[in-house]
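Undergrad: Sequence below, structure please.
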Amino acid sequence: MSTRSRPKQLLPLAGDNPLITDTVERARTLVDDAHIRILAGEHLVEAFRAALPDLSDEAYLVEPQARGTCPVLAWAAWEIARLDPGAVLVSLHADHLIRPLSAFQDTVRTAVRLADTENLLLTVGVRPDRVETGFGHIQQGESLPSPGPQRAFRVRAFHEKPDAATARRYVDDGYLWNSGIFVWKAATFLEEVERHAPEVAEHLPLLAAGDPEAFFRSVPVCVVDTAIMERSDRVACVEASFEWDDVGSWEALARTRSADAAGNVVVGDGSVVEGNGNVVFAEGGRVVVFGMHDTVVVQSGGRTLVLPRARAADLKSLLRTLGEAT
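TA: Take a look at the predicted model:
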C-alpha cells in the first residue's frame, strides 16, 4: 500500500485517520500550530497539506533532496535556533502508535525539562513487551535525577536491530527499545554536530548563508543515530510511560487494531470465514478469506498480496525482488 506518492504516513493504519494527522494532533497538545514544523520532501507536501488543511505554509520545511535524518534535523535545528536561540526541539516520527495521550504528554514534558536544564540529547526508551528484532535497543547507564515520574538515565550504548537470540538477551538484561523520539535544545544539537559529525558540520556555513539547497546538495547521506547519538557523551534517555509501537509492518497492524474472537484483524470491506489469526486490509474491493490461518491478505491499488504472517517482516526483500521498492 505504501508508495513514494502515498507513504504509510498518509495511510489510516493506527485508526481512522492518516498517521500524519494523528501525529500532528498529538503535537498540538504540547504546542500551538506556530511551533509545529513538518519535515518532508516536495513530493509529499501537497498530500500533507490536504491532510492538514489548518497548518500554514510556514509549518513546512521542505527538503530539497533526501539526505537522511542527521542533515534534515540539523537544518531544522538551525532554522528553529535562528527564531529562538533557547528553543527545545521535539522530533516525532509520523508512523507511530502512541497511547494514552496523557502519558505521552507527561513523558515528553519530562524530557523537555531535562534537555532544557541539563543540555542533554534525550531519546525516549520503551519497555519491551516482547522479543523484537525490528527495533534498535538502548543499554542503560547511570541513573539521572528526573524532573517527572518517568525514569531517566545516561545511555551506555545503542544496539541496532538484533537477531532473535540477541533480542531475547537484551530483554532479559533490561534494555529498552529506542522509539526514535528525540528531545534536545536546538543549539545543543548543533554543538554536537560540530563536535561529532564533521561530515555534516563542514556544510553548516551554507545554512548560515541562507542556501539550504546547496547544503543538501553537498552534505553526505547519514542518519542521526550513528552520526550523533552513538558518538556524543551527552545522550540520555527517559523511559516512556505510554504504550508505543512502530507501524512498520503488517504484523504491527495486527498489534494495533482490534481483533475478532478468532484473532482476525479486518480493515475495510473484508471478512474471514473458518479462519483465525489473519490480517486482512481491503481498500479496492471486497476480500473474503476462507479456511486460512495466520495469513496477511492486502488488496490495494489494483494489486493483491497474500503471505504468511510469519513472513510479514520480509516484505521489503520481496519488493526488491519484484523491482517495486520505493
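Undergrad: can you pull the pLDDT of residue 9?
TA: pLDDT for residue 9: 88.
Undergrad: Likewise for the one 4 residues further on?
TA: The confidence metric pLDDT takes the value 80 at residue 13.
Undergrad: can you pull the contacts of it?
TA: Taking Cβ atoms under 8 Å, 6 or more residues apart in numbering, we find residue 13 in contact with 19, 95, 247, 252-253, 256. Heads up, the C-betas are built off the backbone N, CA and C, glycines and all.
Undergrad: what ranges do the strands span in the stretch 151-300 of the chain?
TA: Here the stretch 151-300 of the chain has its strands, by DSSP state E, counting those that start in this stretch, at 152-159, 176-185, 235-239, 243-246, 265-273, 279-290, 295-300.
Undergrad: any idea how far residue 114 is from residue 105?
TA: From residue 114 over to residue 105 the distance is 15 Å, taken as Cβ to Cβ, to the nearest Å.
Undergrad: Look at these two and report which has more neighbours.
TA: Here residue 114 and residue 105 are compared on neighbour count by other Cβ atoms under 10 Å; more neighbours surround residue 114, at 25 against 15.
Undergrad: Spit out the contact partners of residue 72.
TA: Contacts of residue 72 (Cβ under 8 Å, 6+ apart): 39, 61, 63, 66.
Undergrad: Name the nearest residue to the residue nearest the centre of the chain, sequence neighbours excluded.
TA: Central residue of the chain (Cα atoms, centre = their mean): residue 93, 3.2 Å from the mean position. Distances taken as Cβ to Cβ, 6 or more residues apart in numbering put residue 180 closest to residue 93, at 5.5 Å, once the chain neighbours are dropped.
Undergrad: The one you found touches residue 94, doesn't it?
TA: No. Contact criterion Cβ atoms under 8 Å: residue 180 and residue 94 do not qualify, at 11.1 Å.
Undergrad: Those two: which is more packed in?
TA: Shown here are residue 180 and residue 94; by other Cβ under 10 Å, residue 94 has more neighbours (23 against 20).
Undergrad: Mind checking what secondary structure the more buried one has?
TA: For residue 94, the assignment made with DSSP: H, G, I helix; E, B strand; the rest coil gives coil.
Undergrad: Kindly report the same for the one 3 residues further on.
TA: When the structure is reduced to helix, strand and coil (three-state DSSP), residue 97 reads as strand.
Undergrad: what's the pLDDT at residue 127?
TA: Here the pLDDT value assigned to residue 127 is 96.
Undergrad: quick one: it and residue 179 touch, right?
TA: No. Residue 127 lies out of contact with residue 179 (Cβ under 8 Å); the separation is 10.8 Å.
Undergrad: any residues in contact with both of those two?
TA: residue 240.
Undergrad: who's more crowded, the two?
TA: A direct count of neighbours by other Cβ under 10 Å for residue 127 and residue 179 places residue 179 higher, at 24 against 15.
Undergrad: Could you report the distance from the more buried one to residue 244?
TA: 6 Å.
Undergrad: what do these two both touch?
TA: Common contacts of residue 179 and residue 244 (Cβ under 8 Å, 6+ apart): 96, 126.
Undergrad: ok, back up a step: residue 28 is nearest to which of the strands of the stretch 151-300 of the chain?
TA: Residue 28 lies closest to strand 176-185 among those, at 16.1 Å (Cβ to Cβ).
Undergrad: can you tell me which residues contact the nearest residue to residue 13 once chain neighbours are set aside?
TA: Nearest residue to residue 13, sequence neighbours excluded (Cβ to Cβ, 6+ apart): residue 247, at 4.8 Å. Contacts for residue 247 (Cβ under 8 Å, 6+ apart) come out as 8, 13-14, 19, 95-97, 253, 256.
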